[in-house]
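K.L.:
Next input, structure requested:
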Amino acid sequence: MTDNRAPAPIVLHEPPQPFETRAQLWRDPDWQRLWLSVLKRSWSSLALVPASPGAPPDFMLSVAVNLARIGLLHLGIPIQVADGTHIPLMHLAQFQAEMSRLKGDKELVLLALAPVNENPITVPLAQSADAAVLCVVLELMSFSQSKKTVERIGAQRFLGSAIFHPHESPVVDNAAAKPPLSGTR
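P.N.:
Below you'll find the predicted structure:
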């Protein structure tokens, strides 16, 4: 039987130059601490999961791109960014196969995801990653929904949570993550 579906695009992103020049988050000590915190456990794929809806549309992708930039500067190797924020269910298996291929090639991958109640494939993608980080934007995300997100994915999958202030998010000039990583358990 032939599969006539188009292959699931695994969108890999390079840090956009105009944004990088404007914000230079990779130089911010809080972002560097966040990067170092996620390295406390070994992983080849790391899911970045929004706690709930409420963040700007490009928020998770911006977090992933900025962490990839910091990782490149720190480790001296490229870190892939996979955009899983808009992958439909019919492309889940293909997307996971591509993620497995990247892991098999020893690539480090940061996986930007959509809120769990906005895209049904967020849970299986987060569960197929080696680890996850819960990303919370204060004042914009629901605490009760955050708990449900952690429960649905599994608390053991999470390294911790990154807390962002709404006026200092990575999609705004001079952004910073404060504090960089705190435990979810």
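K.L.:
residues of stretch 68-81 that come out buried?
P.N.:
Under the neighbour-count criterion of 16 or more other Cβ atoms under 10 Å, stretch 68-81 has 68-72, 79-81 buried. Glycine gets a C-beta too; all of them are placed from N, C-alpha and C.
K.L.:
Show me where the protein has its strands.
P.N.:
In order along the chain, the chain carries the following strands (DSSP state E): 45-50, 79-84, 108-113, 131-137, 158-164.
K.L.:
Could you export the ones you listed as TSV, including mean pLDDT?
P.N.:
Output for these, formatted as TSV (pLDDT from 0 to 100):
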stretch	mean pLDDT
strand 45-50	97
strand 79-84	94
strand 108-113	96
strand 131-137	96
strand 158-164	93
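K.L.:
Now tabulate those strands in TSV and tack on distance to residue 59.
P.N.:
Listed next are the strands of the chain as TSV, based on distance: least, Cβ to Cβ, whole Å:
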stretch	distance to residue 59
strand 45-50	7
strand 79-84	12
strand 108-113	9
strand 131-137	7
strand 158-164	8
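K.L.:
which one of these lies closest to residue 25?
P.N.:
Residue 25 sits nearest to strand 158-164 of all the strands of the chain, at 11.1 Å, using Cβ to Cβ.
K.L.:
Which neighbouring elements make contact with that closest one?
P.N.:
Packing partners of strand 158-164 (3 or more Cβ pairs under 8 Å, 6 or more residues apart in numbering; DSSP states H and E): helix 29-38, strand 131-137.
K.L.:
and the ones you listed, which is most packed in?
P.N.:
Burial of those is given as mean neighbour count (mean count of other Cβ atoms under 10 Å); strand 131-137 ranks first at a mean of 24.
K.L.:
quick one on the thing from earlier: of the helices and strands packed on strand 158-164, which is nearest residue 55?
P.N.:
strand 131-137 (4.8 Å).
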